[in-house]
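no sequence for this one, just the structure:
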């Protein structure tokens, strides 16, 4: 008389199902519920545990007569990893996902693939502009040539009996209504799944089947490549028996440039010119990324403003593969003279547009004439402590008043600029 039918119900079989019926039912449900196929992981574990119990005559007898409580009392709630049981039943190996190494009908389609080795290489903007070939040294594992990846003499390698060759020991522990899965490396085989008689171990690899090798890869940085772009060397990663080597992946890391800023296939640069060149035109030279110098003309009669952006076509970065050149954008900054000779002011007044007229002040307002001074050392320190607020507030000039006067709630600040007060 069967006390509980939960495990039979999970497998959708009758309580008198034979081993063949159980196996067939489990294969059908496990394939549908496996996490790699988008199934429910928890239900997959329950179905696998049900099959593990019912496929074992001793555990099945305890379950039929005393239910899950009987299994707990007898220590029968432990067992192997549900995915390991699934792999054993379907003939699969470990790694790469339980469906990743199977073709149609659950037959092996080839060895599993090893991990990729990822390295980064730092390059300058000049390298990406001109192109560059560099060598990268790396250390990888290769199959031992002395034992051909066997680890020892022929027949000396055997599967670990403790973990059945899986390299891990997995148990399921009952935690109230939940099953807790505990997985630890097998201590007898150190997680390799195999045991080799020390006397018969390969002297070159000491039974590890692989040895270290230093290899140099020639990395070609093509013109126009960008930071974050990848260069792949197929199959150059670590080797291991029955494993397809992964790739070596090189990731380009672009160093910041001291003058140029990259924007796709365009370049940007900040240039400071003197006031005369900005107003009257002239030339300046700019060293490019390929050691050329660009001699750039500012045409007279086209004054350059502070912060103005201008462009030179076809002097930017080459595009990747096609090597078509982008544009070079120049942002101008104007350097003003420290002082102006008073004798030249009349010439400046004649050459430059007239000053803006001074705002007309109503007659009932008091007019105070004040001086605009440079900051002294203390004031400069205070301004810097405030985050250069004196300079950064939308480039508006600040004045230091030698004298001021308040009348009511109104005040007017007047800088004469050489205009007689009685003319206002």
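Nice, thanks for sending it over. Owing to the predicted nature of the structure, the values given are computational and were not obtained by experimental measurement.

flag the shaky bits of the stretch 151-300 of the chain, pLDDT-wise.
Applying pLDDT under 70 to the stretch 151-300 of the chain flags the ranges 171-181.

which parts of it are strands?
Counting by DSSP state E, counting those that start in this stretch, the stretch 151-300 of the chain has strands at residues 157-159, 168-175, 178-185, 194-196, 210-221, 230-233, 243-244, 248-254, 260-263, 266-274, 282-287, 293-298.

so which of those comes closest to residue 358?
Nearest to residue 358, of all those, is strand 266-274, at 29.0 Å by C-beta to C-beta. All C-beta atoms are positioned from the backbone trio N, CA, C, and that covers glycine.

rewinding a little: now tabulate the strands of the stretch 151-300 of the chain in a markdown table and tack on mean neighbour count and distance to residue 329.
As requested, those are exported to a markdown table (neighbours: other C-beta atoms under 10 Å; distance: least, C-beta to C-beta, whole Å):
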| stretch | mean neighbour count | distance to residue 329 |
| --- | --- | --- |
| strand 157-159 | 15 | 66 |
| strand 168-175 | 15 | 59 |
| strand 178-185 | 12 | 58 |
| strand 194-196 | 19 | 63 |
| strand 210-221 | 14 | 24 |
| strand 230-233 | 15 | 28 |
| strand 243-244 | 16 | 48 |
| strand 248-254 | 18 | 18 |
| strand 260-263 | 16 | 8 |
| strand 266-274 | 16 | 5 |
| strand 282-287 | 13 | 12 |
| strand 293-298 | 12 | 13 |
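
got TSV for these, with distance to residue 119 too?
Shown next, in TSV, are the strands of the stretch 151-300 of the chain (distance: least, C-beta to C-beta, whole Å):
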stretch	distance to residue 119
strand 157-159	33
strand 168-175	30
strand 178-185	28
strand 194-196	31
strand 210-221	9
strand 230-233	10
strand 243-244	20
strand 248-254	6
strand 260-263	23
strand 266-274	28
strand 282-287	32
strand 293-298	36
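
so for stretch 310-322, what gets flagged as buried?
For stretch 310-322, burial by neighbour count (16 or more other C-beta atoms under 10 Å) applies to 315-318.

okay, now the domains of the chain?
Under automatic domain parsing, the residue ranges defining each domain of the chain are 6-110, 117-156+197-254, 260-335, 356-424.

and the ones you listed: which comes nearest residue 341?
domain 260-335 (13.6 Å).

quote the end-to-end distance of the closest one.
Counting by C-alpha to C-alpha, to the nearest Å, you get 20 Å between the two ends of domain 260-335.

likewise for stretch 123-135?
Stretch 123-135: ends 12 Å apart by C-alpha to C-alpha.

any residues touching that stretch, and which ones?
Applying C-beta atoms under 8 Å, 6 or more residues apart in numbering, the external contacts of stretch 123-135 come out as 121, 216-226, 252-255, 257, 260, 262, 289-290, 317-318.

quick one on the thing from earlier: okay if I get the domains of the chain as CSV plus distance to residue 163?
Shown next, in CSV, are the domains of the chain (distance: least, C-beta to C-beta, whole Å):
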stretch, distance to residue 163
domain 6-110, 9
domain 117-156+197-254, 17
domain 260-335, 50
domain 356-424, 65
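
closest to residue 183 out of these?
domain 6-110 (6.4 Å).

related to what we said a few turns ago, of the strands of the stretch 151-300 of the chain, which is nearest residue 45?
It is, among those and with distance given as C-beta to C-beta, strand 178-185, at 6.5 Å.

report the contact partners of residue 239.
Residue 239 neighbours (C-beta under 8 Å, 6+ apart): 114, 140-143, 210, 245.

quick one, which of the residues you listed are buried?
Buried, going by 16+ other C-beta under 10 Å: 114, 140-143, 210, 245, out of these.

present the buried residues of stretch 310-322 as CSV; the columns should include pLDDT, secondary structure and distance to residue 25.
Below are the buried residues of stretch 310-322 laid out as CSV (pLDDT from 0 to 100; DSSP: H, G, I helix; E, B strand; the rest coil; distance: C-beta to C-beta, whole Å):
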residue, pLDDT, secondary structure, distance to residue 25
315, 96, coil, 73
316, 97, coil, 67
317, 97, coil, 64
318, 96, strand, 64
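
can you put those in a markdown table and add distance to residue 186?
As requested, those are exported to a markdown table (distance: C-beta to C-beta, whole Å):
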| residue | distance to residue 186 |
| --- | --- |
| 315 | 64 |
| 316 | 59 |
| 317 | 55 |
| 318 | 56 |
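
with the residues you listed in mind, which one is nearest to residue 328?
Using C-beta to C-beta, residue 315 comes nearest to residue 328 of the buried residues of stretch 310-322, at 3.9 Å.

that closest one against residue 266, yeah?
No - if you go by C-beta atoms under 8 Å, residue 315 and residue 266 don't touch, sitting 9.6 Å apart.

overlap of the contact sets of these two?
Both residue 315 and residue 266 are contacted by 327-328, under the criterion C-beta under 8 Å, 6+ apart.

quick check: of the buried residues of stretch 310-322, which lies closest to residue 168?
residue 317 (51.3 Å).

distance of the closest one from residue 324?
To residue 324, residue 317 is 10 Å away according to C-beta to C-beta, to the nearest Å.

what of residue 304?
Counting by C-beta to C-beta, the separation of residue 304 from residue 324 is 29 Å.

what does residue 256 give?
Taken as C-beta to C-beta, the span from residue 256 to residue 324 is 25 Å.

the more surrounded of the two?
Neighbours were counted for residue 256 and for residue 324 using other C-beta atoms under 10 Å; residue 324 has more, 13 against 10.

do I have it right that residue 273 meets residue 336?
No - with contact defined as C-beta under 8 Å, residue 273 does not reach residue 336; the gap is 11.0 Å.

hey, what's residue 194 bridged with?
Beta-bridge partners recorded for residue 194 (DSSP bridges): residue 159.
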